[in-house]
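K.L.:
Quick one, what's the 3D model for this:
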Amino acid sequence: MTKSKFAISVHILTLLTSVKEEWLSSEYIAGSLNMNPVLVRNELSNLKKNQLVESKEGKGGGVRLAKAANKITLGDIFTAIKKNHIFGLAKNEPNPKCPVGNQINRHLTDLFAEVDQVVEEQLHAVSLGDFQERFEF
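P.N.:
Residues are numbered from 1 along each chain as shown. This is a model prediction of the structure:
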């Protein structure tokens, strides 16, 4: 889930970066993502809660970036959407009588935390503005 939420959030914020100070509706953003506006509004709510976007109600309203794109890192976006580790544990509970099974989840959780840290550090090195420059408009 983290992977798709990250992609959706980066798409939304890159779109907002490309239109500068304009207010975009969730319907317009949904059209770019080719997804339901309700799902877009859910993501926008989280981005607003994490102070990455701001919103305005009424005619001419919508959402826009809350700060300059060069002040937002991809790591900020990742932190905003991340609920769990990038990787997840198996749904089944390992056999506690097995010498591997009784330790695997603890060691995997430690490994996942290390992976998350490396990913976050890498993403914090790239601003949304830098990422947006990859696009041709």
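K.L.:
what mean pLDDT does the longest helix seen in the chain have?
P.N.:
Scanning the chain for the helix with the most residues, using DSSP state H, yields helix 104-124. Average pLDDT, helix 104-124: 93.
K.L.:
what's it packed up against?
P.N.:
helix 74-81 (3 or more C-beta pairs under 8 Å, 6 or more residues apart in numbering; DSSP states H and E). For the C-beta atoms, the positions are set from N, CA and C on the backbone; glycine is no exception.
K.L.:
Tell me which residues are up against the helix or strand that the longest helix of the chain is followed by.
P.N.:
Counting by DSSP states H and E, the next helix or strand C-terminal to helix 104-124 is helix 128-132. Residues outside helix 128-132 that contact it (C-beta atoms under 8 Å, 6 or more residues apart in numbering): 10, 13-14, 17-18, 65, 68-70, 72-74, 77.
K.L.:
gap between helix 128-132 and the chain center?
P.N.:
Distance of helix 128-132 from its chain centroid, counting by C-alpha atoms, centre = their mean, to the nearest Å, is 14 Å.
K.L.:
Same question for it: list its buried residues.
P.N.:
128-129, 131-132 (16 or more other C-beta atoms under 10 Å).
K.L.:
I'd like the average pLDDT over that helix.
P.N.:
Mean per-residue pLDDT for helix 128-132: 96.
K.L.:
what's the answer for stretch 53-63, then?
P.N.:
The model assigns stretch 53-63 a mean pLDDT of 91.
K.L.:
returning to what we had before: if we go by neighbour counts, what in the longest helix of the chain is buried?
P.N.:
Within helix 104-124, the residues scored as buried using 16+ other C-beta under 10 Å are 108, 112, 116, 119-120, 123.
K.L.:
swap in stretch 33-48?
P.N.:
Of the residues in stretch 33-48, 33, 37, 40-41, 43-44, 47 count as buried by neighbour count, 16+ other C-beta under 10 Å.
K.L.:
picking that back up, return the closest of the buried residues of helix 104-124 with respect to residue 136.
P.N.:
The closest of the buried residues of helix 104-124 to residue 136 turns out to be residue 123 (C-beta to C-beta; 22.9 Å).
K.L.:
Residue 55 in helix, strand or coil?
P.N.:
Assigned state for residue 55: strand (three-state reduction, DSSP: H, G, I helix; E, B strand; the rest coil).
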